[in-house]
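Peer 1: sharing a model prediction with you, sequence too.
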Amino acid sequence: MTEIEDSLALAETPPEAGAVVPICPGVGWLRMPLPMSLDHINLWLLDDGDGWTLVDTGMGTPDVERVWEQHIATTLADKPIHRLLVTHMHPDHVGMAGWLADRFGLALEMTRGEYLLCRILVADTFQAPPPEAIRFYRNVGFDDKQIAFYVSKFGGFGRVVRRLPAAFKRLSDGQRLSIGGNTWEVVVGRGHSPEHACLFSPELNAVISGDQILPNISSNVSIWPTEPDADALGDWLTSCRELQTRLPEDVLVLPSHGQPFQGAHRRLQSLIRGHEHGLERLLTAMDEPRRVVDLLDALFKRSLPMGEHFFMACGECLAHLNYLLRQGQITRETDDDGAWWHQRING
Ligand SMILES: [Zn+2]
């Protein structure tokens, strides 16, 4: 949620739906529509001789299926996709993976953490929310009306993720893939999702960064009901610092949203700084006991209406609070309704 101020966006025109823009040797850039305020995702086609390696797939919606059909009749008419990699389990990245795997007879390659969590979330679709999830949102400070809204939205994940293949091929941190004569090293990041794969090619000096490094917005770093005590922000900050050591500053960053850019280290530093400032604002606001829902204005500097962003905002606020709790900078008490109240430890 921070604006770009210190990285260099390339003045490339993004591809129209159904088109491919060459972005560096052997790498094609395409876009798929998203039905939300963030209205697109970037996908990457890597030239592998007699076929393409595709990285990420688009959300499992009829619109995206239509654009894929268009590509199959044009871009991919003479040269099919013969390898399928997915950076992480969010629906805009993995949504069409099952459909493409069926269509082209492909194995799905993902990290194990991403594949398994995705299968679990898809299995929850059309189920009732478990008591652990209700308890979690009581901890956050939801009232009855907000809980009812959550219940009405539960299990939506699988509606935009096509059925995943029941088997997968594992990507692991440090693994080197050979694609079209170039090496692509898997660099795993954490905090936005459990085991997010970036792909770095030293020969091309390019990195497919997924949602791990974005130019215009900061990636959502959230706590979710499946792991209330997770240290997602600690994981995220550690990953940002590690990426600064594993990637060159002048690497061409190919992000999932926005424009390709250079200035990876500066961008990562700005992301780290953004979270540090958020932690400071939260500490200032916790001179009296506060619930997660009371602290959203302090963290985001604006109020958020109920909806998809509200859940992400609560999850992100809680990620900051879990981090401060681990650092011994705040206390957490639970009241009779199950809500958590946080207060700064002075001294
Ligand atoms: Zn994501």
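Peer 2: Yes, it's here.

Peer 1: what does the stretch 101-250 of the chain put close to the ion?
Peer 2: Contact residues, the stretch 101-250 of the chain versus the ion (CB under 5 Å from the ion): Asp211. (C-beta placed from N, C-alpha, C; glycine too.)

Peer 1: going along the chain, name the helices of the stretch 101-250 of the chain.
Peer 2: 112-123, 131-140, 144-153, 232-246 (DSSP state H, counting those that start in this stretch).

Peer 1: got a markdown table for the ones you listed, with mean neighbour count, mean pLDDT and distance to Leu271 too?
Peer 2: Putting these into a markdown table (neighbours: other CB atoms under 10 Å; pLDDT from 0 to 100; distance: least, CB to CB, whole Å) gives the following:
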| stretch | mean neighbour count | mean pLDDT | distance to Leu271 |
| --- | --- | --- | --- |
| helix 112-123 | 18 | 95 | 21 |
| helix 131-140 | 18 | 97 | 24 |
| helix 144-153 | 13 | 92 | 28 |
| helix 232-246 | 19 | 98 | 6 |
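
Peer 1: so which of those helices gets nearest Gly191?
Peer 2: Among those, helix 232-246 comes nearest to Gly191, with 2.6 Å by CB to CB.

Peer 1: if we can go back for a sec, the helices of the stretch 101-250 of the chain: which one's closest to Thr334?
Peer 2: helix 131-140 (7.4 Å).

Peer 1: roughly how far is the closest one from the heart of the chain?
Peer 2: Helix 131-140 has its C-alpha centroid displaced from the chain centroid by 23 Å (CA atoms, centre = their mean, to the nearest Å).

Peer 1: report the distance from the top helix by length along the chain to the chain centre.
Peer 2: When the chain is parsed with DSSP state H, its longest helix is helix 264-285. Centroid displacement of helix 264-285 relative to its chain, using CA atoms, centre = their mean, is 18 Å.

Peer 1: hey, C-alpha coordinates of it in PDB?
Peer 2: Only the C-alpha atoms of helix 264-285 are listed here, as PDB (Å, rounded to 0.1, in the frame of the first residue of the first chain):
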ATOM      1  CA  ALA A 264      15.300  -4.400  -6.400                       C
ATOM      2  CA  HIS A 265      17.400  -3.600  -3.300                       C
ATOM      3  CA  ARG A 266      15.900  -0.100  -3.000                       C
ATOM      4  CA  ARG A 267      12.400  -1.400  -3.400                       C
ATOM      5  CA  LEU A 268      12.900  -4.100  -0.800                       C
ATOM      6  CA  GLN A 269      14.400  -1.500   1.600                       C
ATOM      7  CA  SER A 270      11.300   0.700   1.100                       C
ATOM      8  CA  LEU A 271       9.000  -2.300   1.800                       C
ATOM      9  CA  ILE A 272      10.900  -3.100   5.000                       C
ATOM     10  CA  ARG A 273      10.800   0.600   6.000                       C
ATOM     11  CA  GLY A 274       7.100   0.800   5.300                       C
ATOM     12  CA  HIS A 275       6.500  -2.100   7.800                       C
ATOM     13  CA  GLU A 276       8.800  -0.500  10.400                       C
ATOM     14  CA  HIS A 277       6.900   2.700  10.200                       C
ATOM     15  CA  GLY A 278       3.600   0.700  10.600                       C
ATOM     16  CA  LEU A 279       5.000  -0.900  13.700                       C
ATOM     17  CA  GLU A 280       5.900   2.500  15.200                       C
ATOM     18  CA  ARG A 281       2.400   3.900  14.400                       C
ATOM     19  CA  LEU A 282       0.800   0.900  16.100                       C
ATOM     20  CA  LEU A 283       3.000   1.200  19.200                       C
ATOM     21  CA  THR A 284       2.000   4.900  19.500                       C
ATOM     22  CA  ALA A 285      -1.700   3.900  19.300                       C
END
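
Peer 1: the nearest residue to Gly113 once chain neighbours are set aside - how many residues pack around it?
Peer 2: Leaving out its chain neighbours, the residue that sits closest to Gly113 by CB to CB, 6 or more residues apart in numbering is Glu195, at 3.2 Å. Counted with other CB atoms under 10 Å, residues neighbouring Glu195 total 20.
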